[in-house]
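Colleague: sequence first, predicted model second:
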Amino acid sequence: MPIKIPQQLPAKEILENENIFVMDTNRADQQDIRPLNILILNLMPEKEKAEAQLLRLLGNTPIQVNVSFLTMASHQAKNTSRYHLEQFYTTFQDIKDKKFDGLIITGAPVELLPFNEVDYWEELQQIMDWSTSNVTSSLHICWAAQAALYHHYSIGKVPLPEKCFGIFAHTVLHKTEKLVRGFDDLFLAPHSRHTDIETQKLMNHPDLLVLAQSEDAGVFMAASKDGRRIFVTGHPEYDADTLCQEYTRDLKKGIPVSLPVNYFPKDDPANPPVHSWRSHASLMFSNWLNYYVYQETPFKWN
């Protein structure tokens, strides 16, 4: 089944060219189906790229999904046009009285800042508190996972001696959990971050479960035991060339950066990277939508 997105959203053409089933509003309104209402809080600087990456994964399931995009009123985006934001995004004040089946909060390039120094931290805390009673299940990606673990469970973050950057192998720790249903015992996923979470504190928390971990990159996936909150410390939504773009960007800016681990064939940036994590990324999003959202959300919110 398709994702329902605005007719003029730039990501629509990208996804259609990839043969991913999308549906505009007019056609979706003719179907007598209760779609899942998913809210995406997009904190990434290049919002249009993040839109396409997330919609690609949400569209690869048999469930009809109605997507809304949220931006922060307390932060002025520098890399996305005001026109794009006004046309396709809303703010928390506009949706705070609504219910959503699922919420996705993306990563953000602010991980080296203390949480309370992020200019939209207060607003983000309001949204995370609101999600507790207004969202069936929330998926937090990269920095958002660190932010949510800190806000909800007082689990902090720690700086890494060098950036965790590349494609890493992860082991599934709890094979019977629905989020990793169908996963191989060992799977690959990208990471791109300068900080890590307080791993032992996470492991010892009675309300949390670590689902997948890497010897080199640490915890990749964790969840609250009731499934209401999912935490993913990497970037499974990334395209094949996203790490390459980040690597090239930092080189041009003169920022010290190591070659992404296990990314370029033969560690040669001249070789196009292989998309080795696509299937597990799709499976993770499908499992989340099916088992943690669709199977749990009420048909009608009270």
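Modeller: Thanks, I have it.

Colleague: can you measure across stretch 205-222, start residue to end residue?
Modeller: Start and end residues of stretch 205-222 are separated by 11 Å (CA to CA, to the nearest Å).

Colleague: buried set for that stretch?
Modeller: Within stretch 205-222, the residues that qualify as buried are 205, 208-214, 217-222, counting by 16 or more other CB atoms under 10 Å. Quick note: C-beta positions are derived from backbone N, CA and C, even for glycine.

Colleague: between the residues you listed, which is nearest Leu259?
Modeller: Ala217 (15.6 Å; CB to CB).

Colleague: grab the nearest non-local neighbour of the closest one.
Modeller: In this structure, Ala217 finds its nearest non-sequential neighbour in Phe168, 4.0 Å apart by CB to CB, 6 or more residues apart in numbering.

Colleague: how about that neighbour, phi and psi?
Modeller: Recorded main-chain torsions at Phe168 are phi -120, psi 150, according to degrees, to the nearest 10.

Colleague: just list whatever residues bridge to it.
Modeller: Partner residues in beta bridges with Phe168, using DSSP bridges, are Ala189.

Colleague: ok, of the buried residues of stretch 205-222, which one's closest to Thr195?
Modeller: Thr195 has its nearest neighbour among the buried residues of stretch 205-222 in Gly218, at 10.5 Å by CB to CB.

Colleague: does the closest one touch Glu198 like I think?
Modeller: No: using CB atoms under 8 Å, Gly218 is not in contact with Glu198; the gap is 10.5 Å.

Colleague: hey, where'd the helices end up in the stretch 1-150 of the chain?
Modeller: For the stretch 1-150 of the chain, applying DSSP state H, counting those that start in this stretch gives helices covering 10-17, 25-28, 47-58, 82-88, 92-95, 121-134, 143-153.

Colleague: just the helices in the stretch 151-300 of the chain please.
Modeller: Taking DSSP H, counting those that start in this stretch as the criterion, the stretch 151-300 of the chain contains helices spanning 199-204, 242-252, 278-287.

Colleague: of those helices, which is nearest Glu13?
Modeller: Once the helices of the stretch 151-300 of the chain are compared by CB to CB, helix 242-252 is nearest, at 19.4 Å.

Colleague: pull the contacting residues for the residue nearest to Ala217.
Modeller: 188-191, 214, 216-217, 220, 234, 261-262 (CB atoms under 8 Å, 6 or more residues apart in numbering).

Colleague: JSON lines for these, including pLDDT and distance to Thr132?
Modeller: Compiled in JSON lines, the contacts of Phe168 are given as follows (pLDDT from 0 to 100; distance: CB to CB, whole Å):
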{"residue": "Leu188", "pLDDT": "98", "distance to Thr132": "33"}
{"residue": "Ala189", "pLDDT": "98", "distance to Thr132": "27"}
{"residue": "Pro190", "pLDDT": "98", "distance to Thr132": "29"}
{"residue": "His191", "pLDDT": "98", "distance to Thr132": "28"}
{"residue": "Ser214", "pLDDT": "97", "distance to Thr132": "29"}
{"residue": "Asp216", "pLDDT": "96", "distance to Thr132": "34"}
{"residue": "Ala217", "pLDDT": "97", "distance to Thr132": "29"}
{"residue": "Phe220", "pLDDT": "98", "distance to Thr132": "24"}
{"residue": "Gly234", "pLDDT": "98", "distance to Thr132": "25"}
{"residue": "Val261", "pLDDT": "97", "distance to Thr132": "36"}
{"residue": "Asn262", "pLDDT": "97", "distance to Thr132": "37"}
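
Colleague: from those, pick the one nearest Ala281.
Modeller: Within the set of those, Ala189 lies nearest Ala281; the separation is 7.3 Å, counting by CB to CB.

Colleague: so the closest one touches Leu243, yeah?
Modeller: No: under the criterion of CB under 8 Å, Ala189 is not in contact with Leu243, lying 11.5 Å apart.

Colleague: overlap in contacts, these two.
Modeller: When CB under 8 Å, 6+ apart defines a contact, the residues bordering Ala189 and Leu243 alike are Ile167.

Colleague: any stretches of the chain with poor pLDDT?
Modeller: Along the chain, the parts satisfying pLDDT under 70 run over 1-5, 7, 11-12, 15-16, 18-33, 301-302.

Colleague: repeat that for 80
Modeller: The model of the chain has pLDDT under 80 over residues 1-34, 60-62, 299-302.

Colleague: okay, which residue is most central for this protein?
Modeller: Centroid-nearest residue in the chain, with CA atoms, centre = their mean: Ile141, separated by 3.8 Å.

Colleague: measure that residue to Gly102 for me?
Modeller: Using CB to CB, to the nearest Å, one gets 13 Å for the distance from Ile141 to Gly102.

Colleague: same check on Leu149?
Modeller: Counting by CB to CB, the gap from Leu149 to Gly102 is 19 Å.
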